[in-house]
Each structure stands twice: as C-alpha cells, then as structure tokens.
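> give me a 3D structure for the following:
(chains A and B)
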Amino acid sequence: MHITIIKRAGLMLALAGAACLTGCASPPKTLYGWDGYQPQVYQHFKGESPDQQIAEMEKSLQTISARGAAVPPGFHAHLGMLYSSTGKLDQMVVQFEDEKKLFPESAAYMDFLLAKVKKGEKL
Amino acid sequence: MIKRTLKLAACLAPMALVVGCATNTATPYDYTAYKAAQPRSILVLPPLNNSPEVNAGNSVYAQVTYPLAEAGYYVLPVALVNETFKQNGMTTSADIHALPPAKLKEIFGADAGMYITITRYGASYTVLDSVVVVAADARLVDLKTGTVLWTGSATASSNEGGNNSGGGLIGVLVAAAVKQIINSTTDRSHPIAGVTSARLLSAGYNKGLLYGPRSANYAKQ
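Residues are numbered from 1 along each chain as shown, chains lettered A, B, ... in the order given. Have a look, this model is predicted:
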C-alpha cells in the first residue's frame, strides 16, 4: 500500500520537475531575425570594406524574409549608411524609408539624416 | 500519516520548483520614474571604456542592440549614431557622455539614452589558464528631463561553463558564446562581451530593465 503511494508521489514529483524544466529551458522565440546585423556592425567598426558588408547584409535580408522573421531595429538604417558610403544615395534613401516604415520611432533621426544628404553634406 | 506527508510533498514540490525558476525574489527595485517615463526608443551612446583593451568599446557597442530590441525597445542604429557624432567632431565617449540630454533628444529623437561604462574587458593569465572577463555598468536616462530611470551592472566570464546560466535568452547566448570561444583563438573576449551585454540589457530579470512597448510582456511588470 505504502509503496504504491510512494511510487505515485515520486511520479508526480518527477512530472512536476519535468514541467518546470521545460518551462525554464524551452528556447525563447525572438521578436526579430538576427542573421548578420550585429556581426556586420562589428565588422564595420573593425573597418571592413562597405562592399563586403553590403553583400553580407543583402544576403541576411533574404534569409530573414525567407524565414518570415521581422527585420531588427537599425538593420535598414545601417545598410542605408553602407550604401551612402559607396555613393548609392538612391538606395540609401530606400533603406532609410524602410527603417521609418517599420519603426516610426526612428523618423526624427532618419529625417535629420535625409535632410543632411539633401544639402550635400556627409551623413 | 506517510500518505498525507507524501501528498503534501507532491503538492509543495512543484511550487518550490516554480519559485526556483523565477528570479525576482530579492528587494524590489524602485521603478517609479521608469514606469512614469514610458520610454519607447533608446539611444545607446558609445560606451566609456575604463579597461586597457582598446577594442572593448566597439566590441560591446556592436552587441547592445540584441537584448534591448528583444526587450521591446526601438534601438537607434549604433554605427550610424557613432558616425553622426564623428561628423560633429565628437570622437571620444567621455565627450559624448557629457552632452546635454536635450541636445541628444533634438538630434536623435530618442526617448531615453543608455550610458554604458566598461569596467573590465579581456583575459587575465595564470600559469595554467587564462580567464576572459567582461564587466560593465549602465544607466538609462530620460532624454527629455535628464532623470535617471534605471541603473544596472553585469559581468560574464569564460570559466562559468554552460550549465549554470538558467534558461531563456541569456542561456542560449551563454551556450553560443562558450562554443564560439572553443572554436576561436583570437577575439575570445567578444562573445563574452555579448553575454555581459545580454545580462546587462535584457528585460524581465531581477532589478533589470522593464519590457518595452514592442514586447508582449509590456506593462505587465
């Protein structure tokens, strides 16, 4: 009699423990797809060529959209900056507008930069 | 008697486990000003580097976006922000940290500024081993009023192992960092800086940042 109760209690404990472990350890679902953005920012700081970074980021953009994930804050703005440093101002504008569309919080800063470029100043 | 004791144990055990998982059991942090300010966007300034490693600032700065964005905030593009400071003749973090908050708000339009100071970065060598440690402090400031909304600090080290990190975002990052260190002989501090950044700037931890408006957990704390 006691043995069955002990067995049952043990089972309940084990199940409760397992439930908690899964609750704690299940891989978190992120808000954004992070392929490439932060590593490319680091490469930029280390002085890697903009052309190389543009190629990497365009590839990341495809990967992120293929997975149906959201593009993280700053990604389009960073890519726009890289385009501007290679003289592709039209493509820069498209990226800055994308950043604004996805994140209206960026509007003031993006408009500040777009106004500078319009006046012929550097970013 | 044994039956009752065991039943009670079976009921209490899951509760103990649940408490074990949660982290916010210590003295409560005063979030009054933070909650009142309701920041949506964060301007992270180039970190102040008090370590002897010249690369520390860039290494940390490149990895601040992930935890803050996942916490639910808009994070201004760090490389572009850095460029704007440079174009305006601001090349040192100390000068940038000393700028008036209102001026930063005017240019960047951000609700809050994150001021990070790196206190340790890099390897210290012993006879048998080398340990990489990255530690940093942070201060979140309302750019409209200059009020400090939150302060925190965090550290990470290469000899923690991958097991004691708990679950969630940080657990995944620690595991990834450990793997990266094993596979790389150069730049061993960079992945550790990523863990420090995540510990410092993730939401939902004891005395940590609150979730921002883009998170499903916003305003539930």
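
> looks to me like residue B:199 is in a strand.
No. If the criterion is DSSP: H, G, I helix; E, B strand; the rest coil, then residue B:199 is helix and not within a strand.

> what is the burial count for the residue of chain B found nearest chain A?
Nearest to chain A, among the residues of chain B, is residue B:109, at 2.6 Å (CB to the nearest CB). For the C-beta atoms, the positions are set from N, CA and C on the backbone; glycine is no exception. Using other CB atoms under 10 Å in any protein chain shown, residue B:109 is surrounded by 19 other residues.

> and what about the nearest residue to it once chain neighbours are set aside, helix, strand or coil?
In space, and not counting its chain neighbours, residue B:109 is closest to residue A:108: 2.6 Å by CB to CB, 6 or more residues apart in numbering or on different chains. Classification of residue A:108 by three-state DSSP places it in helix.

> could you check the pLDDT of residue A:108?
Here, the pLDDT recorded for residue A:108 equals 97.

> touching, it and residue B:111? I think so.
No. Counting by CB atoms under 8 Å, residue A:108 stays clear of residue B:111, with 10.7 Å between them.

> the two: which is more packed in?
Between residue A:108 and residue B:111, counted using other CB under 10 Å, residue B:111 has the larger neighbour count: 22 against 17.

> now name the helix or strand holding the closest residue to that one other than its chain neighbours.
Distances taken as CB to CB, 6+ apart put residue B:39 closest to residue B:111, at 3.9 Å, once the chain neighbours are dropped. When elements are assigned from DSSP states H and E, residue B:39 belongs to no helix and no strand.

> how much space between residue A:91 and residue A:97?
11 Å (CB to CB, to the nearest Å).

> ok, now residue B:59?
Look at residue B:59 and residue A:97: by CB to CB, they are 31 Å apart.

> so which of those two has more stuff around it?
Applying other CB under 10 Å to residue B:59 and residue A:97 shows that residue B:59 carries more neighbours, namely 27 against 14.

> secondary structure class for the more buried one?
Residue B:59 ends up helix, using three-state DSSP.

> could you pull up the contacting residues of it?
Shown in contact with residue B:59 (CB atoms under 8 Å, 6 or more residues apart in numbering or on different chains): A:42, B:121, B:189, B:190, B:193.

> can we see that at 7 Å?
B:189, B:190, B:193 (CB atoms under 7 Å, 6 or more residues apart in numbering or on different chains).

> do you know how far it is from residue B:42?
Between residue B:59 and residue B:42 the computed distance is 19 Å (CB to CB).

> distance of the residue in chain A that chain B sits nearest to relative to residue B:41?
Per CB to the nearest CB, residue A:108 is where chain A lies closest to chain B, at 2.6 Å. Using CB to CB, residue A:108 is found at 9 Å from residue B:41.

> nice, that's everything, thank you.
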